[in-house]
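Chemist: curious how this folds, go ahead:
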Amino acid sequence: MTTTDDVLSELTRLRAGDPPTHGGRVLSYVYDHGRPELDELVAAAVQAFLPVNGLDPTTFTSVAVLERDLVAFSRSVLGGDSGVVGSVTSGGTESCLLAVKAARDSWIARNPGGRPVLVMPTTAHPAFRKAAAYLGVELVEVPVSPGSGTCGAAAVLAAVAAASDGGAAPAMVVLSAPSYPFGVLDPVAEVAEVTAELGIWLHVDACIGGWLLPWWPGEVPGWDFRVPGVTSVSADLHKYGYAPKGASVVLYRGRENHRAQYFATASWPGYPVVNPTVLGSRSATALAAAWAITRTLGAAGYAELVAETAAATTKIRSALGGIEGLTVVGDPAGALLALRADPACAPARQIDPFLLVDAVRERGFLLQAQPALQQSDGTGLPRTAHLTLTAVSARIDSELIEALVAAANQVRGRSAPPPDPALVAQVAAEGLPEKLAGVMSTLEAMPKDQAPAALVDLLAGVIDPDAG
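Modeler: A predicted model of the protein is given here:
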């Protein structure tokens, strides 16, 4: 029989093969506050709630208290009053899906037999594409400017008008605060003024910015419940809320809108089922950890962490401005930066983002490669290298800047490998190579109706017990 020591030793060995989740070297996916005492707090909270099932807060009444407290604190952070309520979910994707479900059901109740439409910029998170696919909602995408990374209110409202032609208004408009690809803020206040008049549900996806923008220095345009026409907001506690993975909130203006998120049935011989979220049985560990983190930090603690993040972002953006051949897309509203080849430079002096990602990786930092995209109006969004900066980035900003400068000097004027169709089968069989520029070029060039199948094959192959 395998001993517990053997099991734990194997888990330790497996984790050793992962990139470091502390120290600011992974500039996506993980959010490091840099405070070990908070990690200890999280571990204790998780341990205390390991056996608890969040399915029924009338049985596990602690779950109701924790969720009620988190919703109350979240709505205060996001500018909501006593009319704003919501739920804690397992993450941003679930929060977004539930908001779409609530908007769809509310719209169908007013327009029986109609086809609900969701209008959103190209840069809206894929969670909304997923929700539309799951829930039978038609998508209308609004192209964004390749230079600024966002679209004007007029473009969004023109799409709303076009989608309303000959029938009911769209069921929902989604805007980002900020968008993930480029870190820029969509025109929430300007759009909300019109959607409110038309009775259209406006959701603000602040999964990445909800625990960052409220304390960001300087003047940030209106984006949360302080804007009268905003109907719902999603904000991830496991991003800049610094809780462990599995915690987000989705909040609604109006209890009737929140109740449209629920599923309930008494049409079976078992216990009455009432699910506020997609999951039925669900762990309460992330909920407890998020509650513990927010209680410990409070608004003042988050303000400190955001100040550290903002200082690092300012320093790194300034250094990036001095790297020839590279430029930041648009005017980011927070700590997310997208780097593209500078179109103002001659090709011989430009820096290819895919090559930059590989070169920076050699120096111990993981950026995220983002492929170019052709939009519905024929305009093309550039390939970029994405950085998500956190509070701990302030401790290693000089080292990161040094790596960025050295990597840029290494690859300046070089072109990423051309697309290679043979790579698709090779990656499926052998896994991803250490250098990804060629893979990203190939993915970027693939027809958009073929790329999803290749991505599915790749990820399914990674977890297939009979692969390799």
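Chemist: excluding covalently adjacent residues, which one is nearest to W107?
Modeler: Once flanking residues are discounted, W107 sits nearest to A171: 3.6 Å by C-beta to C-beta, 6 or more residues apart in numbering. From N, CA and C alone the C-beta is placed, and that goes for glycine too.
Chemist: which residues are in contact with the one you found?
Modeler: A103, R104, S106, W107, I108, P116, V117, L118, V137, I200, W201 (C-beta atoms under 8 Å, 6 or more residues apart in numbering).
Chemist: redo that, cut-off 7 Å
Modeler: A171 is in contact with A103, R104, W107, P116, V117, L118, V137, W201, counting by C-beta atoms under 7 Å, 6 or more residues apart in numbering.
Chemist: surely the third one and P116 touch.
Modeler: Yes - counting by C-beta atoms under 7 Å, W107 sits close enough to P116 to count as a contact (4.9 Å).
Chemist: tell me what the longest helix belonging to the chain is packed against?
Modeler: Longest helix of the chain, by residue count under DSSP state H: helix 285-320. When contacts are defined as 3 or more C-beta pairs under 7 Å, 6 or more residues apart in numbering; DSSP states H and E, helix 285-320 packs onto helix 36-48, helix 61-77, strand 326-328, helix 393-411.
Chemist: cutoff 10 Å now
Modeler: Applying 3 or more C-beta pairs under 10 Å, 6 or more residues apart in numbering; DSSP states H and E, we find helix 285-320 packed against helix 36-48, helix 61-77, strand 84-89, strand 248-253, strand 326-328, strand 336-341, strand 384-388, helix 393-411.
Chemist: ok, back up a step: and the contacts of A171, which of them are in strands?
Modeler: Among the contacts of A171, DSSP state E puts V117, L118, W201 in strands.
Chemist: ok, back up a step: could the helices and strands packed on helix 285-320 go into CSV alongside mean pLDDT and distance to V26?
Modeler: Shown next, in CSV, are the helices and strands packed on helix 285-320 (pLDDT from 0 to 100; distance: least, C-beta to C-beta, whole Å):
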stretch, mean pLDDT, distance to V26
helix 36-48, 97, 16
helix 61-77, 97, 26
strand 84-89, 98, 24
strand 248-253, 98, 20
strand 326-328, 98, 20
strand 336-341, 98, 14
strand 384-388, 98, 9
helix 393-411, 97, 11
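Chemist: quick one, which of those is packed in tightest?
Modeler: Most buried of the helices and strands packed on helix 285-320, by mean neighbour count (mean count of other C-beta atoms under 10 Å): strand 248-253, with a mean of 28.
Chemist: name the residues of the longest helix of the chain that are buried.
Modeler: Of all the residues in helix 285-320, those buried under the rule 16 or more other C-beta atoms under 10 Å are 285-294, 297, 301-302, 305-306, 308-310, 312-313, 315-316, 319-320.
Chemist: look up how far C207 lies from the residue nearest to W107.
Modeler: Going from A171 to C207 by C-beta to C-beta, to the nearest Å gives 20 Å.
Chemist: same check, this time on D358
Modeler: Distance of D358 to C207, given as C-beta to C-beta: 28 Å.
Chemist: have a look at those two and say which one is more surrounded.
Modeler: Remark: of D358 and C207, C207 carries more neighbours, 28 against 24, as counted by other C-beta atoms under 10 Å.
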